[in-house]
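K.L.:
Return atomic coordinates for the entry below.
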Amino acid sequence: MSRKRMKLLVDSLTRSSKHFNKSEVECLVNLFDTLVAKASSHFAGAGFDRTVFRDTLHSAFGLTDEVMLDRVFSTFDRSNTGSITVVEWVEGLGVLLRGTLEEKMKYCFAIYDLNGDGYISREEMFQMLKNSLLIQPADEEPDEGVKDLVEIALKKMDYDHDGKLSFTDFEKAVREESLLLEAFGPCLPDIKSIIAFEQKVFRETPK
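P.N.:
Sure thing, here's the model as predicted:
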């Protein structure tokens, strides 16, 4: 990419992402280029695919849950092309690394709303909790334990008692108890991973 195009891209992304300054955006664009180089060639130049995305998030933030990683990919891939563009990459990382509570709530809700209908249903909660629970009590039907958790979550978060969570329910619950932000599975990096990632990626770029 020519220096002029790089400058235009960095300026535009700095304005749209709001969370990074120019030199940080430049570092993220450089990282993006490195990842594109690893990706399969049919996306060449345009972006990188699901596999590279999952490997990157796995190694950078320790996110391992397959279902969650797929959902994170889908929320980043706003254009729904199956590859992550540089704009989606920088704006998505803005929320992941430095998002406001508002942004993180919208992001987590979108991840948990598996079919995109604007609600987190019992079935969706069951699906996600079943995946994120590794250890089951030996004497209990594994699914029963998960069903109990779903009921507990609904009891705590379903303010309008319609048997599913709207964004309004979710937002209200999280504002009252911030730990509920990731109630249905880990989809945000922890603070240690964020600091390590930023130190590694945003260290002084060679002039």
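
K.L.:
wait, what's in contact with the residue nearest the centre of the chain?
P.N.:
Residue closest to the average C-alpha location in the chain (Cα atoms, centre = their mean): V72, at 4.0 Å. Residues in contact with V72 (Cβ atoms under 8 Å, 6 or more residues apart in numbering) are 53, 57, 63, 111, 187. Using the backbone N, CA and C atoms, a C-beta is placed for each residue, glycine as well.

K.L.:
K164 now?
P.N.:
119-122, 158.

K.L.:
ok so, going back, ok, the residue nearest to the centre of the chain to K4 distance?
P.N.:
33 Å (Cβ to Cβ, to the nearest Å).

K.L.:
Also L13?
P.N.:
Distance from L13 to K4, by Cβ to Cβ: 15 Å.

K.L.:
what do you get for N80?
P.N.:
Distance from N80 to K4, by Cβ to Cβ: 30 Å.

K.L.:
And H19, by the same measure?
P.N.:
Taking Cβ to Cβ, one finds H19 at 25 Å from K4.

K.L.:
do the same with K104
P.N.:
In terms of Cβ to Cβ, K104 sits 35 Å off from K4.

K.L.:
Looking only at neighbour counts, state which of H19 and K4 leads.
P.N.:
H19 (18 against 8; other Cβ atoms under 10 Å).

K.L.:
OK, contacts around that one?
P.N.:
94-95, 97-99.

K.L.:
Where does the prediction get shaky in this structure?
P.N.:
1, 40-45, 132-140, 204-207 (pLDDT under 70).

K.L.:
May I see the domains of it written out as residue ranges?
P.N.:
3-99+190-201, 101-182 (automatic domain parsing).

K.L.:
related to what we said a few turns ago, for the contacts of K164, pick the one with the most neighbours.
P.N.:
I120 leads the contacts of K164 on contacts (other Cβ under 10 Å) with 28 neighbours.

K.L.:
Now that one. Its backbone dihedrals?
P.N.:
phi -100, psi 110 (degrees, to the nearest 10).

K.L.:
so what's it up against?
P.N.:
Applying Cβ under 8 Å, 6+ apart, the residues near I120 are 109, 112-113, 164-165, 170, 184.

K.L.:
Could you check how far it is from F126?
P.N.:
I120 is 11 Å from F126, by Cβ to Cβ.

K.L.:
picking up where we left off before, which among the contacts of V72 gets closest to W89?
P.N.:
Distance to W89 across these (Cβ to Cβ) is lowest for F53, with 8.8 Å.
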